[in-house]
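> Need a 3D model of the sequence below.
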Amino acid sequence: MSSQSLKDKIALVTGASRGIGASIAKAYGREGAHVLLLGRTVGALQDVHDHIVADGGKATIMPVDLKDIDALSTIGPTIFEKFGGLDIFVANAGILGTLRPLAQTPMKEWHEVMTVNVSANVQMIRSLDPLLRASDAGRVIFLSSGVVPNPRSYWGAYSASKAAIESVAHTYACECEPTNVRVNIVDPGRVRTDMRAQAYPGEDGSKLPHPDDITDVFVDLALPTQTQNGARIDA
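Predicted structure coming up:
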């Protein structure tokens, strides 16, 4: 049963159309937040929207391609105009790229992974920072991966992008220390997602935790009473 711990908060979740992002969005909706669903696939976003509304929550679809860096600069002003502010930002969206030897990685693919996983999030922070600082309890959560502390062969672009976004997150956390904004990192671990299936095609995904099983940590980190800043947390 929901405690409505995020009642009246405005929460933006990227990659909200499926997987971990969709589960976080639904959890925030149950907790009373108005969830802004950002992603590329309108149909899938609509399904998440309808689920949240049917569950008694509020949601708004924001169809955006994270590769369009210039368009991302308008996200903050758009949210302010339509909703008056922002309290929670979950930087969930990411792409894997192709697992291959680093020396054989095409630069086009390298740039694509870095654009979606790193540059898009930096642009989002540039656009959302004034709103988050204006909130009485701004909360930012970046998703990372176990490949950062445990590098492995063939994961070069993805691993480098997640290491970079952790550095971005830690830097932003330091800059937000004197404010009401708290910035943290979550490593979701082995979870049943399309990206996981892409990386491990022979794995039995039915034996992995469902994304719904790891949403508690994201709710906890979004709470106004949450005090951690600059932490890296395993879900």
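> unless I'm mixing things up, Ala16 is touching Ala25, no?
Yes - using Cβ atoms under 8 Å, Ala16 is in contact with Ala25, at 4.5 Å. No exception for glycine: its C-beta is placed from N, CA and C like everyone else's.
> quick one: common contacting residues for these two?
Common neighbours of Ala16 and Ala25 (criterion: Cβ atoms under 8 Å, 6 or more residues apart in numbering): 35, 37, 48.
> which helices and strands does the helix or strand of the chain with the lowest mean pLDDT pack with?
Scoring the helices and strands of the chain by mean pLDDT, DSSP states H and E places helix 194-199 at the bottom, with a mean of 92. Using 3 or more Cβ pairs under 8 Å, 6 or more residues apart in numbering; DSSP states H and E, no helix or strand is in contact with helix 194-199.
> Strands along the protein, start to end?
With strands called from DSSP state E, the chain shows them at 10-14, 34-39, 58-63, 88-91, 139-143, 182-187, 232-234.
> Note down every partner strand of the first one and its orientation.
The strands beside strand 10-14 in its sheet (DSSP bridges) come out as strand 34-39 (parallel), strand 88-91 (parallel).
> Look up how far Gly202 lies from Trp136.
No, residue 136 isn't Trp; it's Asp. 48 Å (Cβ to Cβ, to the nearest Å).
> Quick check: longest helix in the chain by residues?
Ordering each helix of the chain by length in residues (DSSP state H) puts helix 156-176 first.
> Quick one: list the elements packing against it.
Applying 3+ Cβ pairs under 8 Å, 6+ apart, one finds that helix 156-176 contacts helix 107-114, helix 120-134, strand 139-143, strand 182-187.
> for the ones you listed, which one sits closest to Val90?
For Val90, the closest of the helices and strands packed on helix 156-176 is strand 139-143, at 4.8 Å, according to Cβ to Cβ.
> count of residues packed around the residue nearest to Val53 when sequence neighbours are not counted?
In space, and not counting its chain neighbours, Val53 is closest to Ala59: 6.2 Å by Cβ to Cβ, 6 or more residues apart in numbering. By other Cβ atoms under 10 Å, 25 other residues sit near Ala59.
> Quick one: residues contacting Ala59.
Contacts for Ala59 were tallied using Cβ under 8 Å, 6+ apart; they are 25, 29, 34-37, 48-49, 52-53.
> And for Leu143?
Residues near Leu143 by Cβ under 8 Å, 6+ apart: 20, 90-92, 94, 185-188.
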